[in-house]
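Peer 1: Quick one: sequence plus predicted model below, questions after.
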Amino acid sequence: MQISFTDQMGRQVVCPKRPLRIISLVPSQTELLVDLGLEEYIVGVTKFCIHPKHLRMSKKVVGGTKKISLAKIEAIKPDIILCNKEENTKEIVESLEKLYPVHVSDINDLEDSLDLIMQYGTIFNKLFSATKIVSTIRNEANSFKDFIKDKHTKKVAYLIWKDPYMAAGQGTFIDHMLTLNKYENVFKDNLRYPETTLEEIKKLNPDLLLLSSEPFPFKREHIDEIKKIMPSTTVELVDGEYFSWYGSRLLDAFIYFKSLHY
């Protein structure tokens with residue numbers, strides 16, 4: 001049975017039949033599919049789809065998020081391909097949509113993520129699972145809002161990359177999650193992921209400098225390096241997946257956030 005729907009980019013997508021062979025080109029969306037009970041229908045993933053760990057051993061790896069193999073995709077004959085505006089390139093989407101139905105997500109905040117979960121629930125006939133996940137996330141988010149409401153706001157810089165240093169700025173899901181944590185992003189006037197230096201960060205005078213575990217894997221040694229330039233700033237390592245992965249990763253995110261404030 002043909003189905004049609006509008007994705008988060010406002011694109012009309014038509015599938016000749018209900019999609020049962022899924023390729024996901026976004027790690028957090030791959031994890032969401034599994035938690036919705038769709039693992040058996042996933043036929044292709046990226047090399048960065050690390051959750052759950054066994055998935056890359058049982059599914060076809062068709063490339064990364066920025067570079068894919070069309071030949072590998074064609075060989076597994078997907079019914080639908082799932083992309084994301086930020087994770088994947090416009091060129092990838094345009095090349096794939098000539099051959100297959102392509103759903104593109106656009107996630108800027110918590111509500112966008114919950115909307116995506118419900119979209120997948122509708123498209124893949126998993127509304128019960130999707131509704132349960134969304135309800136649980138909303139309850140955890142509301143609990144966290146009560147927990148955080150009396151906490152003092154802190155000025156924060158959040159680094160995602162080194163050589164050059166890059167920070168999370170305005171218009172990112174990370175920035176939204178920082179705001180939920182009552183962290184005032186010192187790069188809030190910069191769009192997306194601006195390059196920066198430790199000297200510039202020092203001038204912005206954050207109370208807290210957060211070093212993400214991904215995409216660059218910051219380690220303890222990097223704290224020591226930064227403290228030489230910014231001795232009075234608190235520098236902490238954080239699990240970047242809880243700040244940047246949307247979908248079902250949010251089920252545990254707010255519990256993790258609480259731990260950061262104790």
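Peer 2: Great, that's in hand. Computed from a prediction, not measured in an experiment: that's the story for all the values here. Residues are numbered from 1 along each chain as shown.

Peer 1: Pop out the phi and psi values for residue 254.
Peer 2: phi -70, psi -30 (degrees, to the nearest 10).

Peer 1: now swap in residue 3 and tell me
Peer 2: Residue 3 adopts backbone torsions of phi -130, psi 150, taken as degrees, to the nearest 10.

Peer 1: Now for it, how many residues are close by?
Peer 2: Residue crowding around residue 3 was assessed by other Cβ atoms under 10 Å; the count is 16. Bear in mind the C-beta positions are built from the backbone N, C-alpha and C, glycine included.

Peer 1: so it makes contact with residue 15?
Peer 2: Yes: using Cβ atoms under 8 Å, residue 3 is in contact with residue 15, at 5.1 Å.

Peer 1: so who does residue 246 touch?
Peer 2: With contact set as Cβ atoms under 8 Å, 6 or more residues apart in numbering, residue 246 has these partners: 28, 107, 112-113, 116, 173.

Peer 1: Now with 10 Å, please.
Peer 2: Counting by Cβ atoms under 10 Å, 6 or more residues apart in numbering, residue 246 makes contact with 26, 28-29, 31-32, 84, 105, 107-110, 112-114, 116-117, 137, 173, 176-177, 253.

Peer 1: What score does it have for pLDDT?
Peer 2: Residue 246 carries a pLDDT value of 96.

Peer 1: phi, psi of it?
Peer 2: Here residue 246 shows phi and psi, under degrees, to the nearest 10, equal to phi -100, psi -170.

Peer 1: any common contacting residues for residue 3 and residue 15?
Peer 2: Residues touching both residue 3 and residue 15 (Cβ under 10 Å, 6+ apart) are 80, 101, 123.

Peer 1: Strands - which of those land there?
Peer 2: When strands are assigned by DSSP state E, the members of these inside them are residue 80.

Peer 1: With respect to residue 43, which of the shared contacts of residue 3 and residue 15 is nearest?
Peer 2: For the shared contacts of residue 3 and residue 15, the residue nearest residue 43 by Cβ to Cβ is residue 80; the value is 10.3 Å.

Peer 1: Who does the closest one form a beta bridge with?
Peer 2: Judged by DSSP bridges, the bridge partners of residue 80 are residue 22.
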